[in-house]
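Undergrad: Here you go, sequence then predicted model.
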Amino acid sequence: MSDESYSRLVREHFANTEHAGDLAGAVAINADEQGIRLKLSATVKKGHIQALRFRAWGCPHVIAACEWFCSRYEGQPGESLSGFQASDIMCNLSVPVEKTGRILVLEDAVRSLGQRIGGGSAP
Amino acid sequence: MATDFIYLDYAASTPVDPRVVECMRECSEFGFANPSSNHVAGRLSRANIERAAEQLAALLNVDPANLIWTSGATESDNLGIAGAARFRSHRGKHLVTLLTEHKAVTDVFRMLEKQGFEVTWLKPAEDGRLDPATFAAALREDTQLASIMYVNNETGVMQDIEAIGSICREHDVLLHVDAAQAVGKIAIDLQALPVDLLSLTAHKFYGPKGIGALYIADRPGCHVEPILFGGGQQRRIRPGTLPADLIAGLGLAAEIAQSRIDADLGHLNNLRRRLWAGIQDIDGVLVNGDIESGFPGILNVSALDVEGESLLLELEPFCVATGSACNSKSQEPSYVLRALGRSDLLAQSAIRFSMGRPTTEDEVELAARRYREAIGRLRDLAPAAAS
């Protein structure tokens, strides 16, 4: 059966939210825009992202995008967050263009998280 | 074709009864001729249509001569409302309808407003019901037509058509009823019910898509101007070659519905009771409409702090609706639920479960469990709301 609404990756990441939750003693960023709510949490060790977690209230694309982001950026250098672009997710997960605004909220949150980590507020 | 889904969207459409499929197949093979033709094949085709008219007329307790075949409820609504409003426009141009009508009705009224008619849009109570006194107060000297749906397609709310129709008769106002969700599902006796125009479609009661009908009462002042032109069929009210196979299918679907209407209602009542019992204690779940007086085939519920699109995906492989199926591609919250006073967020989280003849107790109990799990998972995923 064909499905125009969600790509295979969106379905997989929406169904398997292994990175959902919170982290103790983490840097955290909250966002509440465009009809979605996000919380990103990160712990950093020696300049690298040790763990990432998210919480999200939004459509399947937003939840899948958060999971995709967390799974891709764990273990990466903290400064890599500043280069995060919504277009990566839009392309990789085949997010429809009408959802761009919501994915941009995630981009803003990720970049804010990067600034917080880069600013030395990580534990 | 794979059927790896559990269908709970019978308000959107129903599967065609296998007996209806066979009837249409036979009709397509042997009764395919143009029913307007005067040769033997044409007469055979015409006989199939006449038989279907008798079957539908028996379901509604009307004279077959008062039925006009259409392509479905949307066309019936268009013909009934626009046709009657124009027919009586020399008497007055005031019309009345409900904010919670189907788009096939509201869009016709919007079009008529642009053509110089004045429309009073009534808002129902929080339970979706229209108080007949509110309706009566909206009528004026120049009111010519009102359109009130029988069963709401999103909520299952049933209006008091008998009371509203009586008020219309007292004021010499025509009453059109969109009964797409009611015909074949609840008993309708148009000899007893004061209704002038009634729209229906076959695919809501196990008949084929693409065929419906408009009932036009045989009483003074009740008539419609055509909205289609191009032939003399159906007394020029609705020209066009009649699809004898689809009409035969509608007729048989109507006959089957009539034979089991009480059994179907009992079945649906049981299913809705079980479904509601399985979810009613979930924190923050609200019924949209009125569960006591509503049509038992539909249960529409909203959940606090749950996003509707994610809920819909989480509920797969259950086929349910987030609102009117005709409107489900839209990101806009349901205007029907907004009219009942639901917030955008609650309206957006609404799920319509609609059950039918093939639905089993196991399916609705599984649906209730799945709904409970989905609500729990999505709430667990969400960050705390800002205080």
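TA: Good, I have the coordinates. Residues are numbered from 1 along each chain as shown, chains lettered A, B, ... in the order given.

Undergrad: next one: stretch B:80-99 to chain centre, how far?
TA: Averaged C-alpha coordinates place stretch B:80-99 at 20 Å from its chain's average position (C-alpha atoms, centre = their mean, to the nearest Å).

Undergrad: and that stretch, which residues are buried?
TA: By neighbour count with 16 or more other C-beta atoms under 10 Å in any protein chain shown, stretch B:80-99 contains the buried residues B:80-89, B:92-98. (Each C-beta comes from the backbone N, C-alpha and C, glycine too.)

Undergrad: and the end-to-end length of that stretch?
TA: 18 Å (C-alpha to C-alpha, to the nearest Å).

Undergrad: Report the rounded mean pLDDT for it.
TA: When pLDDT is averaged along stretch B:80-99, the result is 98.

Undergrad: just stretch B:303-314 next, same as before
TA: For stretch B:303-314, the mean per-residue pLDDT is 93.

Undergrad: what does stretch B:124-138 give?
TA: With pLDDT averaged residue by residue, stretch B:124-138 scores 97.

Undergrad: Same question for stretch B:346-361.
TA: When pLDDT is averaged along stretch B:346-361, the result is 96.

Undergrad: one step back: of the buried residues of stretch B:80-99, which belong to strands?
TA: When DSSP state E is applied, these are split such that B:94-98 fall in strands.

Undergrad: so what pLDDT did the closest residue to residue A:96 other than its chain neighbours get?
TA: Sequence neighbours aside, residue A:61 is the residue nearest to residue A:96 in space, at 7.6 Å (criterion: C-beta to C-beta, 6 or more residues apart in numbering or on different chains). Confidence per residue is given as pLDDT, and for residue A:61 that number is 96.

Undergrad: Can you verify my assumption that residue A:61 contacts residue A:11?
TA: No: distance between residue A:61 and residue A:11: 10.7 Å, which falls outside the contact criterion (C-beta atoms under 8 Å).

Undergrad: element containing residue B:352?
TA: Assigning secondary structure by DSSP states H and E places residue B:352 in strand B:351-354.

Undergrad: contacting residues around that strand?
TA: For strand B:351-354, the external contacting residues (C-beta atoms under 8 Å, 6 or more residues apart in numbering or on different chains) are B:8-12, B:154-156, B:275, B:297-303, B:308, B:311-312, B:315, B:320-323, B:364, B:367, B:371.

Undergrad: SS state for residue A:32?
TA: In terms of secondary structure, residue A:32 is strand; the call rests on DSSP: H, G, I helix; E, B strand; the rest coil.

Undergrad: In the chain, where is pLDDT below threshold?
TA: Just going to use chain A. When residues are selected by pLDDT under 70, those of chain A lie in A:1-4, A:119-123.

Undergrad: that answer is for a different chain, and I need it for chain B
TA: Where chain B drops to pLDDT under 70, the residues are B:1-3, B:323-331, B:386-387.

Undergrad: in it, which spans are helices?
TA: B:18-30, B:40-60, B:73-87, B:103-114, B:132-138, B:161-170, B:244-279, B:308-314, B:335-339, B:344-348, B:361-381 (DSSP state H).

Undergrad: Repeat that for chain A.
TA: When secondary structure is read from DSSP H, chain A shows helices at A:8-15, A:60-73, A:86-92, A:100-118.

Undergrad: now for the first one, which elements pack on it?
TA: Read it as helix A:8-15. helix A:60-73, helix B:308-314 (3 or more C-beta pairs under 8 Å, 6 or more residues apart in numbering or on different chains; DSSP states H and E).

Undergrad: what's the closest of those helices to residue B:173?
TA: With C-beta to C-beta, the closest approach to residue B:173 among the helices and strands packed on helix A:8-15 belongs to helix B:308-314: 38.0 Å.

Undergrad: Need the residues that contact the closest one.
TA: So helix B:308-314 is in contact with A:6, A:11, A:14, A:58-60, A:63, B:303, B:320, B:322, B:348-351, B:374-375, B:377-378, going by C-beta under 8 Å, 6+ apart.

Undergrad: and the closest residue to residue B:149 other than its chain neighbours, what does it touch?
TA: Leaving aside its chain neighbours, residue B:149 sits nearest to residue B:178 (4.2 Å; criterion: C-beta to C-beta, 6+ apart). Contacts for residue B:178 were tallied using C-beta under 8 Å, 6+ apart; they are B:73, B:77, B:101-102, B:104-105, B:147, B:149-150, B:199.

Undergrad: What residues are bridge-paired with residue B:178?
TA: Listed beta-bridge partners, residue B:178: residue B:199 (assigned using DSSP bridges).

Undergrad: separation between it and chain A?
TA: Computed with C-beta to the nearest C-beta, to the nearest Å, the distance linking residue B:178 and chain A is 29 Å.

Undergrad: what's near enough to touch the closest residue to residue A:7 other than its chain neighbours?
TA: Sequence neighbours aside, residue A:94 is the residue nearest to residue A:7 in space, at 3.8 Å (criterion: C-beta to C-beta, 6+ apart). Listed by C-beta under 8 Å, 6+ apart, the contact partners of residue A:94 are A:7, A:9-10.

Undergrad: Compare residue A:61 and residue A:11 (neighbour count), which wins?
TA: Between residue A:61 and residue A:11, counting by other C-beta atoms under 10 Å in any protein chain shown, residue A:61 is the more crowded of the two (29 against 17).

Undergrad: sorry, back to before: right, and out of the contacts of residue A:94, which lies closest to chain B?
TA: Closest approach to chain B among the contacts of residue A:94 (C-beta to the nearest C-beta): residue A:10, at 8.9 Å.

Undergrad: need the contact list for the closest one.
TA: The neighbours of residue A:10, taking C-beta under 8 Å, 6+ apart as the test, are A:60-61, A:64, A:93-95.

Undergrad: separation between the most centrally placed residue in chain A and chain B?
TA: For chain A, the residue nearest the mean C-alpha position is residue A:66 (3.3 Å; C-alpha atoms, centre = their mean). Using C-beta to the nearest C-beta, we find residue A:66 at a distance of 9 Å from chain B.
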